[in-house]
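Chemist: with the input below, show me the fold.
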Amino acid sequence: MGAGSAGPGVSDRADSLVLLVGCPEGLVATWRDVAERLSVTVQACEPSVLRRGFRRPPFAIVVMEDQYRAEPGIFDTLTGDGPTSLVRLESAPAESAPDAQESAQRLLAEAVLEAAQELTESNAASFPG
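Modeler: Here you go, the predicted model:
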């Protein structure tokens, strides 16, 4: 499974799904680039998609802080009762170096996506075949 983009719905595959909600294209591109080498699906979507719910929750929801502040209840409901992690990102200051931003984004993406992959592999080992 590689990187993807949210169409009309969002994947119901929990362990290997990370949602990027309201994130800028550059950030989405970085996460998708990291996801290509892992068995993790990254989907970009808008907050309205989250209202539809999931059969199984995603591993993580990554959201820009301004998006979170606009509708915190949606995110808190999805992450409060279950295994889904919420990652809230601040927009980088305009004066920060683009290379430093890219490096920090890549490190965070690698950490979250590798954790999702490890969980997927662990679940697969627990339930063979």
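
Chemist: which positions in stretch 51-70 come out as buried?
Modeler: Buried residues in stretch 51-70, counted by 16 or more other Cβ atoms under 10 Å: 54, 57, 58, 59, 60, 61, 62, 63, 64, 67, 68. No exception for glycine: its C-beta is placed from N, CA and C like everyone else's.

Chemist: among these, name the ones in helices.
Modeler: Here DSSP state H is the test, and the buried residues of stretch 51-70 give 67, 68 as lying in helices.

Chemist: just the closest of the buried residues of stretch 51-70 to residue 24, please.
Modeler: Distance to residue 24 across the buried residues of stretch 51-70 (Cβ to Cβ) is lowest for residue 64, with 7.6 Å.

Chemist: quick check: buried residues in the lengthiest helix in the chain?
Modeler: Counting by DSSP H, the longest helix found in the chain is helix 98-126. By 16+ other Cβ under 10 Å, the buried positions in helix 98-126 come out as 101, 105, 108, 109, 110, 112, 113, 116, 117, 119, 120.

Chemist: quote the end-to-end distance of stretch 90-105.
Modeler: With Cα to Cα, to the nearest Å as the measure, the ends of stretch 90-105 fall 11 Å from one another.

Chemist: run a quick neighbour tally on residue 45.
Modeler: A total of 19 residues lie near residue 45 under the criterion other Cβ atoms under 10 Å.
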